[in-house]
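S.K.: kindly return the folded structure for what I paste below:
(one chain, ligands or ions: 2)
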Amino acid sequence: MRVGERAYAGTAMTSLFENLPLPGFGPADLASRGSGASAAAGDADGTPVAAGATGVPVGGARERRGGPSTKDPESLLTGLNPQQREAVLHSGSPLLIVAGAGSGKTRVLTHRIAYLLATGRARPGEILAITFTNKAAGEMRERVESLVGPAARMMWVSTFHSACVRILRKEASTLGLRTTFSIYDAADSQRLMTMVCRELELDPKKYPPKALSSRISALKDELVDPETFGRESGASAGTANDFDAVLAQAYTRYQDRLRAAHALDFDDLIMTTVHLLQAFPAVAEHYRRRFRHVLVDEYQDTNHAQYTLVRELAGHDPAMDTDETDDSPVPDAVGPGELTVVGDADQSIYAFRGATIRNILEFEADYPSARTILLEQNYRSTQTILSAANAVISRNPGRRPKRLWTDSGAGAQIVGYVADNEHEEARFVAEEIDRLADSDGVRPGDVAIFYRANAQARALEEVLIRVGLPYKVVGGTRFYERKEIKDAVAYLRAVDNPDDDVNLRRILNVPKRGLGDRSEAMVAAFADRERISFGAALDRVDEVPGLATRSLNGLRSFAQMMTDLRDLAAKGGGPAEVLGAVLDRSGYLSELRASDDPQDASRVENLAELHAVATEFEQSDPEADLADFLERISLVADSDQIPSADDADGAPKVDQGVVTLMTLHTAKGLEFPVVFLTGLEDGTFPHMRTLADTEQLAEERRLAYVGLTRARQRLYISRAAVRTSWGVPNEFPPSRFLDDLPDDLLDWRRRESSMATLRSGLGYGSGFGGSVYGSGTPRTGAPSTRVPPSPPSPTFGSAKSRPTGDAPSLSVGDRVTHDTYGLGTVVVVEGSGPNAVAKIDFGTEGTKRLLLRYSPVTKL
Ligand SMILES: Nc1ncnc2c1ncn2[C@@H]1O[C@H](COP(=O)(O)OP(=O)(O)OP(=O)(O)O)[C@@H](O)[C@H]1O
Ligand SMILES: [Mg+2]
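M.R.: Numbering: from 1, shown residues only. Ligands and ions are numbered 1, 2, ... in the order given. Next comes the predicted model:
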């Protein structure tokens, strides 16, 4: 975990971010952030832009690295518009900069720091800048350094969590903590919670440790400690409901155990720092004096604990004599004179994690002496892109209207595409990137592809691998490297090969079934002695000496489960059926489902994706068995290992950068010349689980605004009429966000899928309403490559859009394309109608027997 290593080298945090949904970590991609960080480089203002970005001016000269002279503060003001300039110069009262995307908030923050230093108004040690990710922190520090020189190194530029670790290490003795306190990562704290639950003899089905952990995490975000929770839930008085009563007990025990271990979990870092500052006025005073300048980027996404931390560090506004969240106001020798926060309420996308728009909307109320500056000129995007973003966000209720404008011109129309399915959507994206490279010199590094949930990356990745476009998945592990996928595949391998010791041992205690290292070692020793495999030893577990009854029982039932799964496969169970059985029997799926950690929800989605892969595989090759499937998977996983252009060791390559794939949550704060926003379907984006909830829908809409406003020159939006999950093709209506986009901004390359065309007579409209094709007026210079509608032919499109059983009618000698195998020639046709099976020669891909009804085959 690179992020953790960077921020907390030397602590126990190497996998800190692994399972923890933090602000800055999307709900669907909480792991491995920063892995793609190298795909993006900062521009002179700390705004991360794509590596190798074309750098075509978007409304103004862009500064180069190195920036203006370190001697002349005035040069830091050149190129700023009047409001930005005012924001850099302001002094004497708290400053709130609220502005839409791309208006230079981050840039202003960086220039403000540089200006403070260059004019001598602040020393570097007096500056505390909070950014949302470690990567952003690194970039901001670098930018300031390039603007004012190495003195900048004394500044604290960090995330909330890193800043708190630094404070806590310094103040550990005050709290009775060891300076070398450990920081528990999510896995550690989960393990601790499991121990606590065992000690309390809690029924894990009724009180899953994960559920308890995530409730506790949420309480800590709200600064609710065990005593307060006990009081407020009624647990102390014995009037709480069952769950809360148990929660109160578990929370107390959990904190006791942490303390005994001299450990803090991730949420404790912030809560403990806040408590420290509130309980020890002298300490708070010290930090207020020290950090005369506190600056916070992405302020809209701070949660309550972080918000309180800022207030404690910056000092309370003297104009406020009461403080609703603080019973014992700390004397404010130093006021919040130099607190600067920048944010955009329209980009608040972490409410699920306790972040709240309230922080920004009520800033003025909390700091009556604050000055508010609005930035209205956008320097990032074309007018077309801005208008689209404004159209979408303006539908959110209760927001302050903003007038964001740009003088960079209308630019190209937004290109829309409706694909039959996710594979075709991916193909469109890849082809378009290729075309842009040929016609406009766009480099892979200029391009970002966004999606709502990590599971959507697979179809995109497969196509990118096939066409050989270098890419990088940011903020998430590549599909086949994800833990849950590896676990599931390990099961399948162990089912397929009983002697596959490595995989068997990987899953022996996954999910946890009480088979610890000790029992594993005993079985392994027995296997050694008997010279048999670990798997074989498991089948003779009764002969293994020294096992405790509990372990023996656990091992027996594990061995029995594996035997049953092998029987299923031997009796002809296809890969999808076996996978389904694995996930059920092992308890893997139910454990994830029971959790209310958003990352586990996305793990379930990823497993659903794997199941879809297996189902497709089965359907396209009815004779294939589990071993064939595993072979296929290894091939994809192998190609996954091919290093991307920018992280390849060895000979220098021409830096073309790589295409960046990421979730919308991860994209916050970034910008790219070309953006593909995929999966615009109701149920995909907005996400299914948000559809019934007005507030969650509003958050999805803000996420759409974030996505749209990442694009500088070109924006593509696409959707698939049919998307497959759990092997079931589902039809999704167009995203409601598409309805908000004015027609004239859009160039629909393909306005309706063949599927929708087919069904429109049955009342399945495409959802776009109005005129059907090409209602947009092409602008001069804008590419007008609209293609005519696809004919309502049953042979068009892939199998997943034919759930009703329409199969392409093929004859020997027909040329076809297959989503996976590419071009082929029909050699034999057997049967007809829904049962038609064709043998097709795909050249180097081999000859396949395919059940046409389910195969993604298109007749040419
Ligand atoms: N006055 C200016 N002249 C030229 N370019 C500018 C100016 N202000 C900002 N920019 C550029 O506009 C882009 C967007 O700026 P920045 O990232 O600071 O905006 P932001 O408000 O932080 O956006 P977001 O809300 O997405 O975080 C950057 O490429 C930045 O360099
Ligand atoms: Mg920004």
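
S.K.: who in the stretch 1-150 of the chain is up against ligand 2?
M.R.: 105-106 (C-beta under 5 Å from the ion). For glycine as for every other residue, the C-beta is placed from the backbone atoms N, C-alpha and C.

S.K.: what separation do you get for residue 599 and ligand 1?
M.R.: From residue 599 over to ligand 1 the distance is 24 Å, taken as C-beta to the nearest ligand atom, to the nearest Å.

S.K.: so that residue sits in a helix?
M.R.: Yes - counting by DSSP: H, G, I helix; E, B strand; the rest coil, residue 599 falls inside a helix.

S.K.: for ligand 2, what is the nearest residue in the chain?
M.R.: The nearest approach of the chain to ligand 2 comes at residue 106, 3.3 Å away (C-beta to the ion).

S.K.: so that residue touches residue 669, yeah?
M.R.: Yes - assessed by C-beta atoms under 8 Å, residue 106 is found in contact with residue 669 at 6.6 Å.

S.K.: is ligand 1 contacted by the helix or strand the residue of the chain closest to ligand 2 falls within?
M.R.: Residue 106 belongs to helix 105-118 when assigned by DSSP states H and E. Yes - interface with ligand 1: helix 105-118 contributes 105-107 (C-beta under 6 Å from any ligand atom).

S.K.: looking at these, state which has the most neighbours.
M.R.: residue 105 (28 neighbours; other C-beta atoms under 10 Å).

S.K.: which pLDDT value goes with that one?
M.R.: You'll see residue 105 listed with a pLDDT of 95.

S.K.: could you do residue 217 as well?
M.R.: If you check residue 217, the pLDDT there is 93.

S.K.: neighbours around it, how many?
M.R.: Counted with other C-beta under 10 Å, residue 217 comes out at 21.

S.K.: thinking it is in contact with residue 267, fair?
M.R.: Yes - Residue 217 is within contact range of residue 267, at 5.1 Å (criterion: C-beta under 8 Å).

S.K.: circling back: pick the one among the residues of helix 105-118 next to ligand 1 closest to residue 495.
M.R.: In terms of C-beta to C-beta, no member of the residues of helix 105-118 next to ligand 1 lies closer to residue 495 than residue 106, at 50.5 Å.

S.K.: could you check how far that closest one is from residue 439?
M.R.: Residue 106 sits 32 Å away from residue 439, going by C-beta to C-beta, to the nearest Å.

S.K.: also residue 550?
M.R.: Computed as C-beta to C-beta, the residue 550 to residue 439 distance reads 67 Å.

S.K.: one more: residue 596?
M.R.: As judged by C-beta to C-beta, residue 596 and residue 439 stand 48 Å apart.

S.K.: between the two, which has more neighbouring residues?
M.R.: Between residue 596 and residue 439, counted using other C-beta under 10 Å, the more crowded position is residue 596 (14 against 9).

S.K.: which neighbouring elements make contact with the helix holding residue 106?
M.R.: Packing partners of helix 105-118 (3 or more C-beta pairs under 8 Å, 6 or more residues apart in numbering; DSSP states H and E): helix 82-89, strand 95-99, strand 127-130, helix 134-148, strand 293-296, strand 339-343.

S.K.: the inter-axis angle of the helix or strand following the fifth one versus strand 339-343?
M.R.: Counting by DSSP H and E, the element after strand 293-296 in chain order, helix or strand, is helix 304-314. Using axes from the mean of the first three to the mean of the last three C-alpha atoms, to 10 degrees, the direction of helix 304-314 lies 150 degrees away from that of strand 339-343.

S.K.: what comes into contact with helix 304-314?
M.R.: By C-beta atoms under 8 Å, 6 or more residues apart in numbering, the list of residues contacting helix 304-314 from outside reads 23, 94, 128, 130, 160, 164, 220-223, 267, 270-271, 273-274, 277-278, 284, 287-288, 291, 294, 296, 302, 325-326, 330, 336, 338-339, 341, 354, 356, 359, 366.

S.K.: show me these that map onto strands.
M.R.: Mapping the contacts of helix 304-314 onto strands (DSSP state E) picks out 128, 130, 294, 296, 339, 341.

S.K.: tell me where the model's unsure across the stretch 401-550 of the chain.
M.R.: Counting by pLDDT under 70, the stretch 401-550 of the chain contains low-confidence residues at 475-478.

S.K.: quick one, what contacts residue 442?
M.R.: Applying C-beta under 8 Å, 6+ apart to residue 442 gives the contacts 54, 433, 436, 673-674, 714.

S.K.: that older thread, residue 813: which of the helices and strands packed on helix 105-118 is closest?
M.R.: Proximity to residue 813 (C-beta to C-beta) singles out helix 134-148 among these, at 55.3 Å.

S.K.: what about the next helix-or-strand element following that closest one, average pLDDT?
M.R.: Remark: after helix 134-148, the chain's next helix or strand is strand 156-158, criterion DSSP H and E. The average pLDDT for strand 156-158 rounds to 90.

S.K.: strand 156-158 pairs with which strands?
M.R.: Here strand 156-158 has these sheet partners by DSSP bridges: strand 127-130 (parallel).

S.K.: what lies in contact with the partner strand?
M.R.: For strand 127-130, contacts defined as C-beta under 8 Å, 6+ apart pick out 109, 113, 116-117, 137, 140, 155-160, 163, 291, 293-297, 310, 313.

S.K.: which parts of that strand are buried?
M.R.: For strand 127-130, the neighbour count (16 or more other C-beta atoms under 10 Å) marks 127-130 as buried.

S.K.: stretch 519-537 now?
M.R.: Buried-residue list, stretch 519-537, by 16+ other C-beta under 10 Å: 519-520, 522-524, 526-527, 533-535, 537.

S.K.: name the residues of the protein found near ligand 2, please.
M.R.: Taking C-beta under 5 Å from the ion as the contact definition, the chain meets ligand 2 at 105-106, 669.

S.K.: neighbours around whichever residue of the stretch 351-500 of the chain sits closest to ligand 1, how many?
M.R.: Ligand 1 sits closest to residue 379 of the stretch 351-500 of the chain, with a gap of 3.2 Å, by C-beta to the nearest ligand atom. Residues near residue 379, counting by other C-beta under 10 Å, number 24.

S.K.: that one against residue 101, yeah?
M.R.: No - contact between residue 379 and residue 101 fails when scored by C-beta under 8 Å: they sit 10.5 Å apart.

S.K.: now find how far off-centre stretch 671-679 is within its chain.
M.R.: Centroid separation between stretch 671-679 and its chain, computed with C-alpha atoms, centre = their mean, to the nearest Å, is 15 Å.

S.K.: now do that stretch, average pLDDT.
M.R.: Per-region confidence: stretch 671-679 scores 96 on mean pLDDT.

S.K.: where's stretch 137-152 relative to the chain centroid, distance-wise?
M.R.: Relative to its parent chain, stretch 137-152 has a centroid offset of 28 Å by C-alpha atoms, centre = their mean.

S.K.: no further questions, thank you.
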